[in-house]
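[1] Could you work out the structure for the sequence below:
(2 chains)
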Amino acid sequence: MAGAGVAGLALLAPAATPAGASGGGGGSITLYNGQHVQTTDAIVAAFEKKTGITVNVRSDDEDVLADQIVTEGRHSPADVFFTENSPPLQYLASKGLLATVKSSTFPSTQRRFDSPRSKWIGVSARVSVIVYNTSLLTPSQLPTSVMQLAQPTWKGKIALAGSETDFQPIVTSVVRRYGTHAALRWLDALKANATDHLYPDNETITDEVNRGQVALGVINQYYWYRLQAQLGASGMHSKIAYFAPHDPGYVIDVSGAAVLRSSTHQAAAQKFVAFLASHQAQEIIAHSDSFEYPIDSGVKTAQPETPFNDLEPNSISISQLGTGAEAIKLLQEAQLL
Amino acid sequence: MTAGRGRGTGSDGLAGARRRHAVRPHTPWLLLGVAVAVSAFVVLPLVFLVVQAVEFGWGALEPLLFRRLSAHLIWNSLSLMVVVMVLSAVVGTLAAWFVERTDLPGRRLWAVAVVIPLGIPDFVVSFGWHSLFPSLGGFWAAVLVMTLAVYPLVYLPVAANLRGADPAQEEVSRSLGTGRLMTFWRVTVGQARVAVLGGMVLVGLVVLAEFGAFEILGFNTLTTEVYTEFQVGLDPPAACALSLVLVLLGVLLLGGEGALRGRNRPPRLGSGVARALRPVELGRARPVALAGIALLVGLALGVPVGAILSLIVQGGSGTLPPASIWSAAVHTFGYSASAGLLATAAALPVGLLATRFARLQVQFLERSNMLVMAAPGLVIALSFVYVTEHFLDSALYQTPALLVVTYAVMFFPLAVVSVRAAVARSPVGLEEVGHSLGVSRWSVFVRVTLPLIGPGLAAAFCLVFLESATELTATLVLIPTNAQTLATQFWSYQSNLSYSQAAPYAGMMLLIAAVPSYVLGRWFDRLPGRAPVAPNPEGGGDAVPALARTMVGS
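    Numbers count the residues shown, from 1 in each chain, chains lettered A, B, ... in the order given. The predicted model follows:
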């Protein structure tokens, strides 16, 4: 039996080798993908077609991938890291694990949404919004500031996902405006108001609000558009709304990409990152089921309907968002993490 | 420990003593060496945990551990563990008793149906309930889902025990005027105590390390917190430190079981005469019993299967790109079957040693292997990332081979308990005959021992296969880039709320997993026990092996 076992192992293992792990005339790179597959898939296909370089995609939660890259150290198989948010990129940059993105990849004018030290480039953006159930709330009842959600009137009506990565920039932004102490009190009150509507992520918040299990939540815009794409307009019992201009809850998150310093395919990796910033890839983002904003302001989206340039977020910068460590510490203190 | 334990009734009297005397000529150094090497490899992830926690430092660890949320999460984990263990014990034992000991109609059918839920991934059970009742959540939802997913871990050993137990004790009890209920509690349950406890420990370990099911139900435990630390905190050492708390709870669990099981067994000299049992006549209680078992199967099997089917029928569009379910199925099957073979082969020396050369150190060795089950899959995966990076220059990393090894380590305890139980049930006498005829040790092993414990090895393979086929978090880290398993693809769709796209993957997982479950159930149902069997003081004459005895001796 043991002998048969070993023989069986040898037989089964080749069957388990992935097809197309290598190949393609133009070589291959490995992409660690923390972005939603909806966004990545079409871009990768277009890149492969254009360059002949094969892209092996490995998708997981962006923070798990960041942990994994750190643990892998100098032997990391990753060539490019593509994330949903800037903090994991800032984290790897702070550990010295990122190569500098080629200067030709950046546009001539320095943009707000790129790495402060050219370690990564912004690819797409998302904006935080209110999602509310239309039979439970009318637009006039909505809060104008994220701070109001701490008021007792919202008890039992708000949904909260403390472990959702997209929530951290809002916390950081509140800290910056009102200080750590006030931010902690605000979080405590939010948690109390959320009662048993504490969810693991924004997908769940959007779904529960749409079902009418809870009246409102704070998400990034694209979760709502994705749900609409799945359920059709008739399935939607919710809408999105913006906070007042420059409110700390009105935050732009940036999704970005970087080349790993340990990559043994620097040229191809730089090519892929440059492609992400290209007009072609930006058009793909604008017209895919990603529903994010292309960072290239020349590209217009059908959905979301509000043009990127018309948004009025608060002015928090990428450096101020940092690695999110401060927000995480506060979330832990508020027992939300 | 020794063969006798499996009986529950205890054949540790003269027979046991005789055998022990006969079996211990000298320490088998080669076997010991291999077993130690295997065990050392299995506990490697736990070493990694300690190293990381030390690196993190006590100063940083203290505020993270000693805070309100930790207390709350530890309470959640512990209370859930205890309640699910108790409920699984009640459900598993009752189901086993009705199926094994009564004239319940359709017994053979039920014997298979109650085992199949073992093959349904916990997060699919959770997913099924959640898609039917979206507002389902919280403690009791977690209790419901976990109990329905894991009670077979108690059912299997208890059913095996009831099959092998001597009915005479019950008859004596009844003849002395003890009521039916009292007899059931004192004698039947009393006899099966070790089996119930063994099953409960596995249930406890599984509940401790569960992640996906609770994520779907929105119920937070220490394990979901470990994942949160990884996913949000960008802080692997902190997550590892928290995982140590889980391992500690596992130590308490194993210690508690050891203490409860006790050392003394009913004073008996032989295992009694195995003979056909006359099934208990249920009489007017028949419809109630029938309704009860139908309800159990309906809840544990019907709900997830029904939810999956209805989602497939409903259809609907998703925003995620389509993927190949066949490729995912082939990967799942290949990895899991390889892991099953590897774990079974590796468990053989440990199981042999623990049974045939039982000493305190060997038992310690064997039980320390169990702890790996309490550690979250993601932690074990990262420990292998660390090991390959630091000692192998990242050779093997993200290859099928490393993934298979990781599965084998994660589910090694399931293989060990099955193998050990099978070894315990095979008569040493036959091997001795072989030796006395001048056949070499190796020949005796291949020609006598292996055929005897074959079914036990099959059971070990099936259990590891089932668990590997549904593993998610370690898979995401270690799977070859570009490959998908059914679990990773299911999770990708499910977490994007693309339920209709996720459902076929859950269905396929269920099909792949149901086959071994069905085989286990059928094979188990055919074991002798009801049929008269010649008395055998060694307690090994019957072929009741493997799963039948799976957790009985653990």
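[2] Can you classify the closest residue to chain B within the stretch 101-250 of chain A as helix, strand or coil?
    Closest residue of the stretch 101-250 of chain A to chain B, C-beta to the nearest C-beta: A:Ser163 (4.5 Å). In this view, the C-beta of every residue, glycine as well, is placed from N, C-alpha and C. Under the three-state scheme (DSSP: H, G, I helix; E, B strand; the rest coil), A:Ser163 adopts coil.
[3] right, and it touches B:Gln231 too?
    Yes - using C-beta atoms under 8 Å, A:Ser163 is in contact with B:Gln231, at 6.9 Å.
[4] got the contact list for the residue of the stretch 101-250 of chain A closest to chain B?
    Counting by C-beta atoms under 8 Å, 6 or more residues apart in numbering or on different chains, A:Ser163 touches A:200-201, A:336-337, B:228, B:231-232.
[5] And it, how far from A:Leu198?
    For A:Ser163, the distance to A:Leu198 equals 9 Å [C-beta to C-beta, to the nearest Å].
[6] intersection of neighbour lists for those two?
    With C-beta under 8 Å, 6+ apart, A:Ser163 and A:Leu198 have common neighbours A:Leu336.
[7] Quick check: the closest residue to B:Gly212 other than its chain neighbours vs B:Phe214, distance?
    The shortest distance from B:Gly212 to any non-neighbouring residue, by C-beta to C-beta, 6 or more residues apart in numbering or on different chains, is to B:Phe123 (3.2 Å). Per C-beta to C-beta, B:Phe123 is found 9 Å from B:Phe214.
[8] can you count the residues close to the nearest residue to B:Val280 once chain neighbours are set aside?
    Closest residue to B:Val280 apart from its sequence neighbours, by C-beta to C-beta, 6+ apart: B:Thr102 at 4.6 Å. B:Thr102 sits with 16 neighbouring residues when counted by other C-beta atoms under 10 Å in any protein chain shown.
[9] low-scoring stretches of the chain, by residue?
    Just going to use chain A. Where chain A drops to pLDDT under 70, the residues are A:1-25, A:108-110.
[10] wrong one, I was asking about chain B
    In chain B (pLDDT under 70), the answer is B:1-27, B:164-166, B:233-234, B:261-278, B:315-322, B:358-360, B:425-426, B:497, B:520-554.
[11] Which positions in stretch A:82-92 come out as buried?
    A:82-92 (16 or more other C-beta atoms under 10 Å in any protein chain shown).
[12] So chain A: which segments form each domain?
    Using automatic domain parsing, the domain ranges for chain A come out as A:26-125+A:252-304, A:126-251+A:322-333.
[13] Just want the residue of the stretch 51-200 of chain B that's nearest chain A.
    Going by C-beta to the nearest C-beta, chain A is nearest to B:Leu69 of the stretch 51-200 of chain B, at 4.0 Å.
[14] tell me the contacts of that residue?
    Contacts for B:Leu69 (C-beta under 8 Å, 6+ apart) come out as A:332, A:335, A:337, B:225.
[15] Try it again at 10 Å.
    Contacts for B:Leu69 (C-beta atoms under 10 Å, 6 or more residues apart in numbering or on different chains) come out as A:332-337, B:220, B:225.
[16] what about A:Tyr32, which helix or strand?
    Here A:Tyr32 sits within strand A:28-33, counting by DSSP states H and E.
[17] Alpha carbons only: can I get that strand in PDB?
    C-alpha atoms of strand A:28-33 as PDB (Å, rounded to 0.1, in the frame of the first residue of the first chain):
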ATOM      1  CA  SER A  28       6.400  35.400 -18.800                       C
ATOM      2  CA  ILE A  29       5.900  37.400 -15.600                       C
ATOM      3  CA  THR A  30       4.000  36.600 -12.400                       C
ATOM      4  CA  LEU A  31       1.400  39.000 -11.200                       C
ATOM      5  CA  TYR A  32       0.300  39.000  -7.600                       C
ATOM      6  CA  ASN A  33      -3.200  40.400  -7.900                       C
END
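[18] Which other helices and strands does the helix or strand following that strand contact?
    Next along the chain after strand A:28-33, taking DSSP H and E as the criterion, comes helix A:37-51. Contact analysis of helix A:37-51 by 3 or more C-beta pairs under 10 Å, 6 or more residues apart in numbering or on different chains; DSSP states H and E lists strand A:28-33, strand A:54-59, strand A:80-82, strand A:121-133, helix A:221-231, helix A:266-277, helix A:279-287 as its packing neighbours.
[19] helix or strand for A:Arg185, which one?
    Following DSSP H and E, one finds A:Arg185 within helix A:180-194.
[20] buried ones in the following helix or strand past that helix?
    Moving toward the C-terminus from helix A:180-194, the next helix or strand (DSSP H and E) is helix A:202-211. By 16+ other C-beta under 10 Å, the buried positions in helix A:202-211 come out as A:202-210.
[21] With that, I have no additional questions.
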